[in-house]
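Asks: would you be able to build a 3D model of this:
(one chain, ligands or ions: 1)
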Amino acid sequence: MVRFIEENTKLVEKETGNKSNNDVTTTKKKVLQDLSINNGGGLINSWVDSMRACSPTHLKSLLKQSSWLTEHPSALDMFEEILHLSQGKQIVMFLDYDGTLSPIVDDPDRAFMSKKMRRTVRKLANCFPTAIVSGRCREKVYNFVKLTELYYAGSHGMDIKGPEQGSKFEEDSKSLLCQPATEFLPMIDEVYKKLVEKTKFTPGAQVENNKFCVSVHFRRVDENNWSDLANQVRSVMKDYPKLRLTQGRKVLEVRPIIKWDKGKALEFLLESLGYANCTDVFPLYIGDDRTDEDAFKILRERRQGLGILVSKFPKETSASYSLQEPDEVMEFLQRLVEWKQLRSGA
Ligand SMILES: O=P(O)(O)OC[C@H]1O[C@H](O[C@H]2O[C@H](CO)[C@@H](O)[C@H](O)[C@H]2O)[C@H](O)[C@@H](O)[C@@H]1O
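Replies: Numbers count the residues shown, from 1 in each chain. Modelled structure (predicted):
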C-alpha cells in the first residue's frame, strides 16, 4: 500500500512537473485522497459511508442548515450584493450541467433540461460569455443543451471547445480547442469495457463512457451492494496507476491522473477569452457537485468572481453563495439577464 502511494505520488509529480514542497505535499494528499477509493477494503467503505452521508435522508444535521445558510447565503437573496461586487467588471458565466441546469434523475441518459432553462441560458449567452463545464463528454452535454453559442468543457474540462456560430463572443474563441488528455483515450476506452464487464451482474449498476473519463453510477444500485460495486471498480483500477478515481453524486469517476480539472478548465477559458491577468473580470461559477469545488477553490485563490453551490443541504464547500435547485438557478440567471438588458437599454 505504502509503495503504491509512493508510486502514484511520483507519477503525479512526473505528470505535473511539481517541484515545491508545498506542491508535493498537496499532491501526496490528493493521491491519498484518491487512493482512499483506489485501495483497501476499509477505505472503500469510508467512501461508501461518505456517499451515504451525502444522501439527504442520512443527514442528521438539518439543524445546521441555518448556520450554513449564514455562511453561504442564497444568491437570490444576495443578488444586489453580487451585482455590487461585479460592478465595473465583465461577468463570465460558468455553469455545471447535471444538478445545476437539469434536475438529478435516476437515468443519466434522461437528464433533460427544460425548454425554459434552455431559453434562459441562450439569453444569458447573449449577455455574457458563457461556458458549460461538465463531467459528461462534450458531445453528450451538447446534445442536452443544444446551444451553439456556448463554450463547452466536457469530461471535467479535459475537452474544451468554443462556440461554433451565432455567439456575440464567437470572435474571441477562434476555433478554440483544448484536449490535454488525448494520450489516455485508448486506456480510458479499455477501462470502460472492463468496467462494463466487471459490473454486469450488479443490478442497477451503469457505466458511462465520457470519452476522457468514465462514470460508474450507483444511484440505481441497492445500498447494500454499494461496497461490492466499489470493490469491483477498485479491482479494475488496480491495474491502472495512471488513472484515478473521484467521487460525485452517487457516482465514481475514473479520470487520468493529470493535473487538470474544472478549475483548470475555468482558468484556461478565462485566458482564451483574454482575461488572463485582468482585474476587471468577474467569473461566476454555478455547480452542485464535488468536482465543482476545484473551480470554487480557484476563484477563492484568485480572489476573483465567486462560486455558487447548488444544494438543499449543508455541504462543505469553497463556494460563497448557494441556490437550492435548478429552478432557483434559472431564476438567478433570469435576473442577471434582466439586469444586463436594463443596463444596455435592450
Ligand atoms: O459535472 P456534471 O455535469 O454535474 O456531471 C457529473 C456527472 O453527472 C451525471 O451524473 C449525475 O446526474 C445523473 C442524472 O441526473 C444522475 O443519475 C447521477 O446519479 C449523477 O451523478 C453524469 O451521468 C455523469 O457521467 C457525470 O460524471
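Asks: name the residues of this protein found near the ligand, please.
Replies: Contacts of the chain with the ligand, taken as Cβ under 6 Å from any ligand atom, map to 96-99, 104-106, 108, 111, 134-136, 208, 210, 215, 217, 219, 248-251, 253, 289, 291. For glycine as for every other residue, the C-beta is placed from the backbone atoms N, C-alpha and C.
Asks: mind redoing it with 5 Å?
Replies: 96-98, 104-105, 108, 111, 134-136, 208, 215, 219, 248-251, 289 (Cβ under 5 Å from any ligand atom).
Asks: could you verify my assumption that residue 76 touches residue 328?
Replies: Yes. Contact criterion Cβ atoms under 8 Å: residue 76 and residue 328 qualify, at 6.2 Å.
Asks: for the helix or strand encompassing residue 235, list the C-alpha coordinates in PDB.
Replies: Here residue 235 sits within helix 226-237, counting by DSSP states H and E. C-alpha atoms of helix 226-237 as PDB (Å, rounded to 0.1, in the frame of the first residue of the first chain):
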ATOM      1  CA  TRP A 226     -22.600  -0.300  -2.900                       C
ATOM      2  CA  SER A 227     -19.400  -1.800  -1.200                       C
ATOM      3  CA  ASP A 228     -19.400  -4.700  -3.700                       C
ATOM      4  CA  LEU A 229     -19.700  -2.300  -6.600                       C
ATOM      5  CA  ALA A 230     -17.000  -0.100  -5.300                       C
ATOM      6  CA  ASN A 231     -14.800  -3.100  -4.900                       C
ATOM      7  CA  GLN A 232     -15.400  -4.200  -8.400                       C
ATOM      8  CA  VAL A 233     -14.300  -0.700  -9.600                       C
ATOM      9  CA  ARG A 234     -11.200  -1.000  -7.400                       C
ATOM     10  CA  SER A 235     -10.300  -4.400  -8.700                       C
ATOM     11  CA  VAL A 236     -10.300  -3.000 -12.300                       C
ATOM     12  CA  MET A 237      -8.500   0.200 -11.300                       C
END
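Asks: what's in contact with whichever helix or strand comes after that helix?
Replies: Toward the C-terminus, helix 226-237 is succeeded by strand 243-248 as the next helix or strand (DSSP H and E). For strand 243-248, contacts defined as Cβ atoms under 8 Å, 6 or more residues apart in numbering pick out 8, 31, 34, 37-38, 47, 50-51, 135, 184, 187-188, 191, 215, 233, 237, 252-257, 289-291.
Asks: swap in stretch 200-214?
Replies: Outside stretch 200-214, the residues touching it (Cβ under 8 Å, 6+ apart) are 108, 135-140, 154-156, 158-159, 179, 181, 184-185, 188-189, 191-192, 195-196, 199, 215-222, 225, 228-229, 232, 253-256.
Asks: before we move on, the earlier item: now the helix holding residue 235, how far from the centre of its chain.
Replies: 22 Å (Cα atoms, centre = their mean, to the nearest Å).
Asks: please indicate which of the residues of the chain next to the ligand are buried?
Replies: For those, a neighbour count by 16 or more other Cβ atoms under 10 Å gives the buried set as 96-98, 104, 108, 111, 134-136, 208, 215, 248-251, 289.
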